[in-house]
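*Asks:* Sequence plus the predicted model coming up.
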Amino acid sequence: MRYRFGDYCLDTDRRELRRGVALVPVEPQVFDILSYLIGNREHVVSRDELIAAIWAGRIVSESALTTRINAARNAIGDNGQDQRLIKTFPRKGIRFVGTVDEHLAGQVTVETDRAQSISTLTLPDRPSIAVLPFSNMSGDAAQDYFADGMTEEVIAALSRCTWLFVIARNSSFTYKGKAVDVRQVGRELGVRYVLEGSIRRVGGRVRFVGQLIDASSGGHIWADRYEGDMGDVFELQDRFTESVVAAIEPELQTAEIERLKRKPAANLDAYDLLLRAQQLEYECTEESLTAALGCLKDALAIDLDYAPAMALAAYCYAGGNIQGWSHDVRADAKEGLRLALRALEHGKDDGNVLWMAAYAVRRLDQDVQRARELAYRSLALNSNSAIAMAVAGWMEAELGNSGKALELLRRAQRLSPRDPRGWFIASGMALAHIVDGHFEEAAACAQIAVDQNPRSTIALRFLAGSLARLGRKEKARDALEDMLRIEPDLTLARLRARLLGIDDRVWNKVAEGLRLAGLPE
């Protein structure tokens, strides 16, 4: 059955959702919710009825149900405020209220099929990926369920990365059991990247091997393998999925930046300018941040409401603030905060927008609690985002919750051990250790951060203070001098004014170390 409403078509036989001729990535469970609500649109569907139909009566929390319904709304261009298509009736349930035309699957027109065929040749305006069904190499057909289940989990997890265009499960699974050329897959599905994998079970252990391929050239971008015990199949699927998604997300970003370098400057669009700004922000120099802001200004001139560009600009203003590179602190903070708040208006369901806005709100508005809330909202949208996890960890550390901070930061480090912002994660761990009075561990983490980014005044401050607390005054003085070469006018009073909102206990421990290292009052 095909249900048409507005620009959308839901095909229950192919299990596809399309907007026009373009496939809309949607999780299997979210697809089931849409299908059920549309098929039962003549009445209000109660919470219990929906749970019985979709979850087979299993216990489901209110928050999990709400998250799935919100995801269904997002998939069809609706939201919880407007409720144009999926309407909530308080204490009654929900109902699909859009106008729907029904068509049997066989009634599709030749023109539609031709349009769909043509659409597969066009690359989306953002990074696009297809996850091919993972091969079962165990020689046991009964293990197909594990390979298929993990493929579906990876597709669902990647779909939560809002900057990615992910091919729906049903289209990917048409290649199951076939020997394929990834370049042909790329042409047929209209994607730039393809993820392949295989699973082999030997005794009670399972090995997963994955590789990410550039479909345009056939070149390998990333490959890795993971092993685990089959004690809890679903827990193992979750762990494999988490590791794979967390590993390939930064690899895709790096591949996109490398692709951008080969593109003529005259042909840059808003997304290209965003990528170029991201690359410049990674360099973390006063000049690179200024250049990044210039690229983002150009991107916003092309697209005034481009939330990722606004959020990254706010993040750059916050970075300049913490590094002491703001020439007009008040004006830069005002502009950065304005951009952060506008980004939240236009990108409230974009996990990357949320964590960048969280950092900007913390640094430019001194609001740790609000920043913490935004960071956790980002994690709720993409639980495999190492950088969102790191920002949340930083907020916990600044509030004095060192245990929670270290838990988040260690997980972020494990998820993305080669992250270009690894220094930021290590610096957060240094702060958490300072809060606990573990200065040996703090110095070790701060040194890792400095090795990765010798221009980070945050890492240098933590290194100087921790070494001073350990009595290593000469090395502490060297670290402080390196920091003062970057920000020569810094004093404890100026730093305190910049860190309003930080818990007093945390500030006192940081300040005492810097005082011992020789930072002027």
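*Replies:* Thanks, I have the structure now.
*Asks:* gap between the most centrally placed residue in the chain and L158?
*Replies:* Note on the chain: the residue nearest the mean C-alpha position is S385, at 4.3 Å, using CA atoms, centre = their mean. Shown here: S385 relative to L158, a distance of 12 Å by CB to CB, to the nearest Å. No exception for glycine: its C-beta is placed from N, CA and C like everyone else's.
*Asks:* R225 contacts V206, doesn't it?
*Replies:* No - using CB atoms under 8 Å as the test, R225 is too far from V206 to be in contact (10.8 Å).
*Asks:* show me where pLDDT drops low in the stretch 301-450 of the chain?
*Replies:* Across the stretch 301-450 of the chain, the ranges flagged by pLDDT under 70 are 418.
*Asks:* thinking again about what came up before, so which of R225 and V206 has more stuff around it?
*Replies:* Ranked by neighbour count (other CB atoms under 10 Å), R225 and V206 place V206 first, with 23 against 12.
*Asks:* Which secondary structure element of the chain has the lowest mean pLDDT?
*Replies:* helix 110-119 (a mean of 40; mean pLDDT, DSSP states H and E).
*Asks:* Contacts only, for the closest residue to the residue nearest to the centre of the chain other than its chain neighbours.
*Replies:* Nearest non-adjacent residue to S385, counting by CB to CB, 6 or more residues apart in numbering: G351, 5.7 Å away. Residues in contact with G351, defined by CB atoms under 8 Å, 6 or more residues apart in numbering, are 160-162, 378-379, 381-382, 385, 388.
*Asks:* can you check S128 too?
*Replies:* 164-167, 190-193 are the contacts of S128 under CB under 8 Å, 6+ apart.
*Asks:* Any idea what the residue lying closest to V24 once chain neighbours are set aside is bridged to?
*Replies:* In space, and not counting its chain neighbours, V24 is closest to L17: 4.5 Å by CB to CB, 6+ apart. Taking DSSP bridges as the rule, L17 bridges to L10.
*Asks:* from now on call the first residue 4
*Replies:* Noted, 4 is the first residue going forward, which turns the last one into L20.
*Asks:* can you give me the strands for the stretch 154-303 of the chain?
*Replies:* Under the criterion DSSP state E, counting those that start in this stretch, the stretch 154-303 of the chain carries strands at the ranges 168-169, 196-205, 208-217, 223-232.
*Asks:* helices or strands up against the first one?
*Replies:* Secondary-structure packing of strand 168-169 (3 or more CB pairs under 8 Å, 6 or more residues apart in numbering; DSSP states H and E): strand 131-134, helix 147-162.
*Asks:* ok, and for the last one, which residues are buried?
*Replies:* Using 16 or more other CB atoms under 10 Å as the burial criterion, the residues of helix 147-162 that qualify are 147, 149-151, 153-162.
*Asks:* these two touch, right, L283 and C298?
*Replies:* Yes - the pair formed by L283 and C298 meets the contact definition of CB under 8 Å, at 6.8 Å.
*Asks:* These two: which has the busier surroundings?
*Replies:* Between L283 and C298, C298 has the larger neighbour count (other CB under 10 Å), namely 25 against 21.
*Asks:* got the contact list for the more buried one?
*Replies:* So C298 contacts 276-277, 279-280, 283 (CB under 8 Å, 6+ apart).
*Asks:* Next: T102.
*Replies:* Per CB under 8 Å, 6+ apart, neighbours of T102: F8.
*Asks:* Pipe the contacts of G354 into a markdown table and attach distance to P253 per row.
*Replies:* Compiled in a markdown table, the contacts of G354 are given as follows (distance: CB to CB, whole Å):
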| residue | distance to P253 |
| --- | --- |
| R163 | 15 |
| C164 | 11 |
| T165 | 16 |
| S381 | 16 |
| L382 | 17 |
| L384 | 17 |
| N385 | 13 |
| S388 | 10 |
| A391 | 13 |
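*Asks:* tell me what the one helix or strand A435 maps to is packed against?
*Replies:* Assigned by DSSP states H and E, A435 belongs to helix 425-439. Applying 3+ CB pairs under 8 Å, 6+ apart, we find helix 425-439 packed against helix 389-401, helix 405-418, helix 442-455, helix 460-472, helix 507-520.
*Asks:* Which positions in that helix come out as buried?
*Replies:* 425-438.
*Asks:* can I assume D10 is in contact with V27?
*Replies:* No - with contact defined as CB under 8 Å, D10 does not count as touching V27 (10.1 Å).
*Asks:* and the two? which has more neighbours close in?
*Replies:* Neighbour totals were compared for D10 and V27, and V27 leads with 21 against 11 (other CB under 10 Å).
*Asks:* any idea of the mean pLDDT in the longest helix belonging to the chain?
*Replies:* The longest helix of the chain (DSSP state H) is helix 236-264. The average pLDDT for helix 236-264 rounds to 75.
*Asks:* Distance from the chain centre to that helix, please.
*Replies:* Centre-to-centre, helix 236-264 and its host chain are 10 Å apart (CA atoms, centre = their mean, to the nearest Å).
*Asks:* Who are the packing partners of that helix?
*Replies:* helix 147-162, strand 196-205, strand 208-217, strand 223-232, helix 273-286, helix 405-418.
*Asks:* which parts of that helix are buried?
*Replies:* 239-240, 243-260, 263.
*Asks:* follow-up on the earlier one: closest to R365 out of the contacts of S131?
*Replies:* L167 (26.5 Å; CB to CB).
*Asks:* Can you give the domain ranges for this protein?
*Replies:* 5-112, 131-260, 266-367, 387-524 (automatic domain parsing).
*Asks:* As JSON lines, those domains with distance to E376 would be great.
*Replies:* Output for these, formatted as JSON lines (distance: least, CB to CB, whole Å):
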{"stretch": "domain 5-112", "distance to E376": "15"}
{"stretch": "domain 131-260", "distance to E376": "19"}
{"stretch": "domain 266-367", "distance to E376": "8"}
{"stretch": "domain 387-524", "distance to E376": "9"}
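*Asks:* Out of those domains, the one nearest R375 is which?
*Replies:* Comparing these under CB to CB, the one sitting nearest is domain 387-524, at 3.9 Å.
*Asks:* Kind regards, and thank you for your time.
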